[in-house]
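Student: just need the structure, nothing else, for what follows:
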Amino acid sequence: MSLNDTPSSERIHIGFFGRRNAGKSSVVNAVTGQELSVVSDVKGTTTDPVTKAMELLPLGPVVIIDTPGFDDEGMLGELRVRKTKQILNRTDLAVLIVDGTVGLTDTEQQLIGIFREKNIPFLTVYNKSDIAEKRVCQNNEFEVSALTGENIYELKERIAALAKLPSQEKRIIGDMLSKGDMTVLVTPIDASAPKGRMILPQVQTLRDILDADAMAVFTKEHQLAETLNSLSAPPKLVITDSQAFAMVSKIVPESVPLTSFSILMARYKGFLETAVKGAAAIKKLNDGDTVLISEGCTHHRQCGDIGSVKLPALLKRTTGKELNIELSSGREFPEDLSKYSLVIHCGGCMLNEREMTYRRMSAEDQNVPFTNYGIALALMNGILKRSLSIFPDLAGEIA
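Tutor: Numbering: from 1, shown residues only. From the prediction side, this is the model:
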């Protein structure tokens, strides 16, 4: 996968924050070497977040986010400030731009407090060094001039040194495979499947298998039995789309480990244990309880959609209860989860690890069980323990 093809969820997200007219957009343009943002002397020129996926040397593939001024005023200003706070939930590194002719104000101190509260590494950058008085910079502080380019190179080097992507050291499944192991990947092709391509978790899983020098065979669920019979030996593992769990589990011999792309994504995103424990809440749901089903992407919902159709129907059939189902998608995720008895989230392939962690932590902090599609579907199909057999510590907790 080339740098240009690196999905947004796998890129380091670098957000530029500050007051209006501090020169955020000018610094963004100087750092990226592109006219990414509109620049003007008029306060509040950046009215909505500007996002750009690009390669930033020496760091590599990143997402650059230029945000509106955090001191924006009025009703629209409040909405922009709220949007800025949402952006912080997916920011791996924050760059605080300060007007060097003014210095730190209460606005910057408020942002620094949020960075620390969310455990976001950050740099403080005093812009306009060409006209501001020189200052003694502390650790992770810089003086730059977006106008003259002073210290912009040094700033880029420091960004590269400070930005770290936790998932770069994590694996989806490759660390559990040996050279030459055969895996079978079951990928239904139905009306909801994207035309002419595979979905991201399938592509990422395949790449991780190949990186382990293992082998993979793709098949549709209706061809699975024929595929297994054509192999000279049973596969090391079968990985299926969660929607096909019920059918696939009947075809794959009990002696062959079985799991799903969604379960592996929960592991990759760092919330598998939380999701397994959260799924137990399904059996405790009562009439009138509200369940949030959340997706990280914003695809067009179709007939038979898993989030809006299949999961609600299966929840009702499994629990026998009259439940209230609410849906969220894309970047919109409720801050207040107190009314929900359960959150069922997608695999999160389109969200970076920090945003998935934020969503999980929001649920945990409000004592709301949190699980994902694959684990919920496995539990409701009665095969959760089997689907976790490759993780014996977790499988042992399933009754």
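Student: low-confidence ranges, the stretch 151-300 of the chain, go.
Tutor: Along the stretch 151-300 of the chain, the model assigns pLDDT under 70 to residues 164-169, 190-194, 298-300.
Student: how about the strands of it, start to end?
Tutor: Using DSSP state E, counting those that start in this stretch, the strands found in the stretch 151-300 of the chain span residues 182-186, 215-219, 237-240, 258-260, 290-295.
Student: so the residue of the chain positioned farthest from its centre, which of the three states?
Tutor: Here the chain reaches farthest from its C-alpha mean at E133, the gap being 41.3 Å by CA atoms, centre = their mean. Classification of E133 using DSSP: H, G, I helix; E, B strand; the rest coil returns coil.
Student: from V102, how far off is it?
Tutor: Distance of E133 to V102, given as CB to CB, to the nearest Å: 11 Å. (Each C-beta comes from the backbone N, C-alpha and C, glycine too.)
Student: find the centremost residue of the chain, please.
Tutor: L351 (2.1 Å).
Student: now the spatially closest residue to it that is not a sequence neighbour: how far from E353?
Tutor: Spatial nearest neighbour of L351, excluding adjacent residues (CB to CB, 6 or more residues apart in numbering): G296 at 4.1 Å. Remark: distance between G296 and E353 (CB to CB) = 12 Å.
Student: please apply the same query to I172.
Tutor: Using CB to CB, I172 is found at 13 Å from E353.
Student: got it, and S232?
Tutor: Distance, S232 to E353, by CB to CB: 39 Å.
Student: compare these two and say which is more crowded by neighbours.
Tutor: A direct count of neighbours by other CB atoms under 10 Å for S232 and E353 places E353 higher, at 22 against 5.
Student: that one against G270, yeah?
Tutor: Yes. Counting by CB atoms under 8 Å, G270 is a contact partner of E353 at 6.2 Å.
Student: give me the neighbour count for the residue lying closest to E273 once chain neighbours are set aside.
Tutor: Counting by CB to CB, 6+ apart, E273 lies nearest to L394, which is 6.4 Å off, once chain neighbours are set aside. Neighbour count of L394, defined by other CB under 10 Å: 20.
Student: what about the helix or strand containing L394, average pLDDT?
Tutor: Assigned by DSSP states H and E, L394 falls within helix 392-395. Averaged across helix 392-395, pLDDT comes to 85.
Student: list the buried ones in it?
Tutor: For helix 392-395, the neighbour count (16 or more other CB atoms under 10 Å) marks L394 as buried.
Student: tell me what it is packed against?
Tutor: The contact analysis (3 or more CB pairs under 8 Å, 6 or more residues apart in numbering; DSSP states H and E) places helix 392-395 against helix 272-279.
Student: who's in contact with the helix it packs on?
Tutor: Contacts to helix 272-279, defined as CB atoms under 8 Å, 6 or more residues apart in numbering, come from residues 263, 266, 342-343, 360, 363-364, 369-372, 375-376, 379, 384, 388, 391, 394, 397-398.
Student: OK, contacts around E150?
Tutor: S129, D130, E143, V144.
Student: T371 belongs to a strand?
Tutor: Yes. Judged by three-state DSSP, T371 forms part of a strand.
Student: so which of the contacts of E150 is the most crowded?
Tutor: Among the contacts of E150, the one with the most neighbours (other CB under 10 Å) is V144, at 26 neighbours.
Student: how about the secondary structure of V125?
Tutor: Under three-state DSSP, the three-state class of V125 is strand.
Student: can you count the residues close to V203?
Tutor: V203, neighbours per other CB under 10 Å, totals 15.
Student: look up how far D99 lies from it.
Tutor: Distance of V203 to D99, given as CB to CB: 44 Å.
Student: state the helix or strand in which V343 lies.
Tutor: Per DSSP H and E: V343 is located in strand 342-345.
Student: still on that earlier bit, ok, which of the strands of the stretch 151-300 of the chain comes nearest A30?
Tutor: Among those, strand 290-295 comes nearest to A30, with 36.4 Å by CB to CB.
Student: any idea how far the closest one is from the chain center?
Tutor: Put simply, strand 290-295 sits 17 Å off its chain's centre (CA atoms, centre = their mean, to the nearest Å).
Student: circling back to that earlier point, looks like the residue nearest to E273 contacts K385 (just checking).
Tutor: No. Using CB under 8 Å, L394 is not in contact with K385; the gap is 9.2 Å.
Student: quick revisit: from the contacts of helix 272-279, which would you call buried?
Tutor: Counted by 16+ other CB under 10 Å, the contacts of helix 272-279 give 263, 266, 342-343, 360, 363, 369-372, 375-376, 379, 384, 388, 391, 394, 398 as buried.
Student: which parts of stretch 322-334 are buried?
Tutor: The neighbour-count check on stretch 322-334 (16+ other CB under 10 Å) flags L323, I325, L327, S328, S329, R331, F333 as buried.
Student: swap in stretch 176-193?
Tutor: For stretch 176-193, a neighbour-count test (16+ other CB under 10 Å) marks M176, L177, D181, M182, T183, V184, L185, V186, T187, P188, S192 as buried.
Student: tell me how far the third one lies from V217.
Tutor: Applying CB to CB, one obtains 12 Å for the distance of D181 from V217.
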